[in-house]
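*Asks:* Predicted structure and sequence below. I'll ask about it afterward.
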Amino acid sequence: MRRRAAWAAWVLLPALGTLLVSGCSDRARRQFRIAEALRLQNKPDLAAARYEQLVQKHPNHPVAAAAHFELASLYRIYLADPQKALVHYQTIADRHPRSTYADNALQWIASMGRAAKNVQLIRTAVNRLEAEHPESRSGCARARIQLALALLEAGRPETKSVCQSILEKYPDQPNQCAQAQLILGRAFEKIDKNDEAAVKQWESVRKNFPETTSAVDAYQRIGWFYYARGGSPKGKPATAPLPKRRIDGVPAFAHEGGGVQAVTLDALAVLLKHRGTSADLNTLMAVSGTAFQFVYDPQNRSLGSAVFADNPLQASASAYGFSSLESSSSTAEEAMLSLCQAVDRGKPTMVPHTDGDWVVVIGYDRGSKQFVYVRPGGGERTQGFEEFAGRWKAATDQAGGALDSFYQFALGPRKTEATSADLVRAASRRGVALLLQRPAIFGSPGGTAGYDALVKDLQAHATETVPEDAADLASWADGPLMTLRDSRTAAAQFLEQRAGELPGAMSSHARTAAALYRSLAAKLAQLHDGFPRPPEGAQPGVPQPGYRDAALAAVRMAGEALDTDRKAVDQLSSLAAE
């Protein structure tokens, strides 16, 4: 089965669980850390037993939803027990509906319902997704695709109305629309026995969605139709890859390392540059929203530096005027065929890979059974099909369910040529939304709500003695807080770079916003330097002179940072409206 890929929370490599337990001290979190260590040691049975103990003893703990999600992934991927996996996905949806994992759990329920031929289970998951997570439009459309496929496999005429509903409700999801129209053609062929109507739908897929993987499938089906009739084929009865193919002119990664957010955007910059568009990291951080987002969760402080609020590849590609080509596959054979077909069409394709988080595939050789790719911090490499598939799958598995199996991304046709004004407007809209309109990002406080959560956390730490989790709070200051400072610096640099290319009013707003983000970055650096920190080796509960005063000073500085961020966003609002 080839389908559009899901990024559950854009919590990327390294593994999700590792991020959740950093510095944690209570029993449930220690249990989670032990289970995660066992999982990373490739001991799924022992890891599952530990996770099970955690959810039984601490069903309402903040890490319980994450434990259920890890359990579902273990049972689904490693322990071959889909029924148990389904139970844990259902538990997330029912008991933790506001958690980071709820919408992805419902998507997996729909997918597994199709495998179990349980149409009612899929329908319930679809209805809940659309009612509880309407902002996850791609996830809702993917779930409807699972319903359409299950109905098609059952030979039910309702297939066509479900496909039509996808085309009508989700016109902004071209990959799902292409798949829906492909399935609609199959329904005419299989259920109505109307081959002419089927071919008409497949021709529409080729015409309306030419760069999608569904168009390749439609091309093959049309070819077989005419081949079987003995007439002149409009397609070919086979679409096997060429013996060898290589895409020339693909640049190297601009940076080496820099964290998963930087590597992800750097890989996208490779695709854009190959298409003749230079995209610096500051601009990609701005248009993807990374430069403006803020997440703070007292129960999971390390999360803020490890997530994208939304799919950064789609958002950035759209800002530059490109459509997105995303897909995933259930088997290595399907995945490699799809990857070869992308290369055949001249599309360098980025895939998650253990050789640097992301790599960009630029060629293959079926004779020697090797892929050619470029990676962060290095030049071209070749790797055998089998090893490449294994490391590709390992990277998606390590993402803790945030990625579908064998995820791949490429740029589709360019619809418009983006100007500096277009990029600034797109980035400004995202900046406004992330600070003012997204109080929760994957279940954790975001934007102004994130600042409020930080202030309340600091106020709770304004004690004369060392709090139990003081070390974890200090770790946040040395990690995610510095990432936040760097992101606001990137916002300032982006606006400064573009201001000279903007018309008068926009230029003025951009320069004012840039100055505010510079000021904000400085305030965040001051917050870091004055942050309350326990002396090395200090035990919780021990009196610590000055700790309370440092926490109260941090409260004041966090409030000032929020005020400055709000003022900067006021300027972004004006930019977005220009």
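*Replies:* On my side now, so go ahead.
*Asks:* Surely Val205 is in contact with Ala218?
*Replies:* Yes - using Cβ atoms under 8 Å, Val205 is in contact with Ala218, at 4.0 Å. C-betas here are computed from N, CA, C, even on glycine.
*Asks:* what is in contact with the two at once?
*Replies:* Leu182, Gly185 (Cβ atoms under 8 Å, 6 or more residues apart in numbering).
*Asks:* tell me the helices in the stretch 351-500 of the chain, going along the chain?
*Replies:* Remark: helices assigned in the stretch 351-500 of the chain by DSSP state H, counting those that start in this stretch are 385-398, 420-432, 448-460, 470-478, 480-499.
*Asks:* TSV for those, including mean pLDDT and distance to Val295?
*Replies:* Shown next, in TSV, are the helices of the stretch 351-500 of the chain (pLDDT from 0 to 100; distance: least, Cβ to Cβ, whole Å):
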stretch	mean pLDDT	distance to Val295
helix 385-398	86	21
helix 420-432	95	15
helix 448-460	94	5
helix 470-478	90	11
helix 480-499	95	8
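*Asks:* As JSON lines, the ones you listed with mean neighbour count and distance to Ala410 would be great.
*Replies:* Converted to JSON lines, those look like this (neighbours: other Cβ atoms under 10 Å; distance: least, Cβ to Cβ, whole Å):
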{"stretch": "helix 385-398", "mean neighbour count": "19", "distance to Ala410": "15"}
{"stretch": "helix 420-432", "mean neighbour count": "23", "distance to Ala410": "21"}
{"stretch": "helix 448-460", "mean neighbour count": "19", "distance to Ala410": "33"}
{"stretch": "helix 470-478", "mean neighbour count": "19", "distance to Ala410": "36"}
{"stretch": "helix 480-499", "mean neighbour count": "22", "distance to Ala410": "25"}
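*Asks:* mind putting these in a markdown table, distance to Ala102 included?
*Replies:* Formatted as a markdown table, the helices of the stretch 351-500 of the chain follow (distance: least, Cβ to Cβ, whole Å):
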| stretch | distance to Ala102 |
| --- | --- |
| helix 385-398 | 20 |
| helix 420-432 | 23 |
| helix 448-460 | 18 |
| helix 470-478 | 25 |
| helix 480-499 | 23 |
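*Asks:* Which among those helices is found nearest to Ala554?
*Replies:* helix 448-460 (4.9 Å; Cβ to Cβ).
*Asks:* and the angle for the closest one with helix 480-499?
*Replies:* 140 degrees (axes from the mean of the first three to the mean of the last three Cα atoms, to 10 degrees).
*Asks:* Helix 448-460 vs helix 470-478, what angle?
*Replies:* Orientation check (the same axes, to 10 degrees): helix 448-460 against helix 470-478 gives 140 degrees.
*Asks:* Contacts for helix 448-460, please.
*Replies:* For helix 448-460, contacts defined as Cβ under 8 Å, 6+ apart pick out 294-298, 304, 435-436, 439-441, 444-445, 467, 473, 532, 551-552, 554-555, 558-559, 561-562, 565-566.
*Asks:* What of stretch 543-550?
*Replies:* 461-466, 470, 530-535, 538.
*Asks:* again, 10 Å this time
*Replies:* When contacts are defined by Cβ atoms under 10 Å, 6 or more residues apart in numbering, stretch 543-550 is touched by residues 458, 461-467, 470, 530-535, 538.
*Asks:* does Ala510 count as helix, strand or coil?
*Replies:* Put simply, Ala510 is helix when judged by DSSP: H, G, I helix; E, B strand; the rest coil.
*Asks:* mind checking the SS state of Pro298?
*Replies:* Pro298 is classified as coil under three-state DSSP.
*Asks:* Can you give me the separation between Cys381 and Gly356?
*Replies:* To be clear, residue 381 is Arg; Cys isn't right here. Separation of Arg381 from Gly356 (Cβ to Cβ, to the nearest Å): 10 Å.
*Asks:* Which one of the two is surrounded by more residues?
*Replies:* Higher neighbour count among Arg381 and Gly356: Gly356, with 22 against 15, using other Cβ atoms under 10 Å.
*Asks:* Looking at the more buried one now. What's its pLDDT?
*Replies:* We have a pLDDT of 78 for Gly356.
*Asks:* same thing with the one 3 residues further on?
*Replies:* Looking at Val359, its pLDDT stands at 95.
*Asks:* any chance you could map the helices in the stretch 151-300 of the chain?
*Replies:* Using DSSP H, counting those that start in this stretch, helices in the stretch 151-300 of the chain cover 158-169, 174-190, 195-208, 213-229, 260-274, 281-288.
*Asks:* Quickly, which of those helices bottoms out on average pLDDT?
*Replies:* Among these, helix 213-229 scores lowest, with a mean of 73.
*Asks:* So which elements touch it?
*Replies:* When contacts are defined as 3 or more Cβ pairs under 10 Å, 6 or more residues apart in numbering; DSSP states H and E, helix 213-229 packs onto strand 2-3, helix 174-190, helix 195-208, strand 322-329, helix 332-344.
*Asks:* any chance of these in a markdown table, with mean neighbour count too?
*Replies:* Below are the helices and strands packed on helix 213-229 laid out as a markdown table (neighbours: other Cβ atoms under 10 Å):
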| stretch | mean neighbour count |
| --- | --- |
| strand 2-3 | 20 |
| helix 174-190 | 24 |
| helix 195-208 | 18 |
| strand 322-329 | 23 |
| helix 332-344 | 20 |
